[in-house]
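1. how would this look folded up:
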Amino acid sequence: MQRGLALGGAGIVWLVLVAPIATLLAHLSPSSVLAALRVPGALTPLAVSLESGAITLAVLLAGGMPLGWMLARRRLPLHRVLETGVLCALLLPPLVVGLLLVFMVGPDTPVGHAIAAIHLSATNTLLALVVAEVYESAPYFVLGVQAAVGAVDPLLEEQALLLGDTPRQAARRVVLPLAAPGVAMSLAVAWARAMGAFGAVIIVAYHPYGLPLQIWTTLQETGLGSALPFALVLLVVALPLPVAAYAWSIRARARRLG
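-> Down below sits the predicted model:
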């Protein structure tokens, strides 16, 4: 009886979660999608989103990976304070993040003046779009890396050190292979989050248009029906990487279990 109720509840939740995707597909036809995408300039926001997303992932790998790793191994001073800071960034509403970014990197701030000296701007530029996407996606990636690395038994790393590996070799040969599926899943989630970033983006990077802003402006100008094809494009761009990373993590877990 209890198992049946649990399965029924799980089925209802699953249906509720996938209902928006099913609704999107039900209200689109191949002809309507092709007609929308054939409009001159319709795919420019896609190129902008792909470029900014790729740069965002590079920034996360360069900065977020070491932070998540050291948080997992507690190799930083004031470990709990730093962890709390990441959690606070995660909990900030994206719109609030955008407002605060104006006061942090806007043209009238010290940071804004510094980057203006090298002919850059953190508002309404590709750089601003990347900054907004990094702030919206970084907490997910850092906490995901922390969880993935933290799930690797530290004794395995210690044994590698006893066998003669340097700390870097132990990390590369032991920790990274075991944590890789979780890290990949975290990176995929960050990618999807960056692709769909809107709240901070609309404040600091209204131009150049990425896919979320294209959906918003199309909705405002010509209505709901004309915005749906671009919503499908966003789904197609954002979804494959998380699905692939999830499949890899399932396969890796199955191999570890024998």
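2. and residue 246, how far is that from residue 45?
-> 27 Å (CB to CB, to the nearest Å). All C-beta spots, glycine's among them, are computed from the backbone N, C-alpha and C.
3. what about those two, which has more around it?
-> Neighbours were counted for residue 246 and for residue 45 using other CB atoms under 10 Å; residue 45 has more, 22 against 15.
4. does the more buried one belong to a helix, a strand or coil?
-> Following DSSP: H, G, I helix; E, B strand; the rest coil, we place residue 45 in the helix state.
5. host element of the residue lying closest to it once chain neighbours are set aside?
-> Excluding its sequence neighbours, the residue lying closest to residue 45 (CB to CB, 6 or more residues apart in numbering) is residue 214, at 3.9 Å. Per DSSP states H and E: residue 214 is located in helix 211-222.
6. any idea which helix or strand comes after that helix?
-> Later in the chain than helix 211-222, the nearest helix or strand by DSSP H and E is helix 224-238.
7. quick check: what element follows that following helix along the chain?
-> helix 240-256.
8. near residue 120, how many other residues are there?
-> When neighbours are defined as other CB under 10 Å, residue 120 has 13 of them.
9. my bad, residue 209
-> 21.
10. next, work out how far apart the residue nearest to it when sequence neighbours are not counted and residue 94 are.
-> The shortest distance from residue 209 to any non-neighbouring residue, by CB to CB, 6+ apart, is to residue 45 (4.4 Å). Going from residue 45 to residue 94 by CB to CB gives 18 Å.
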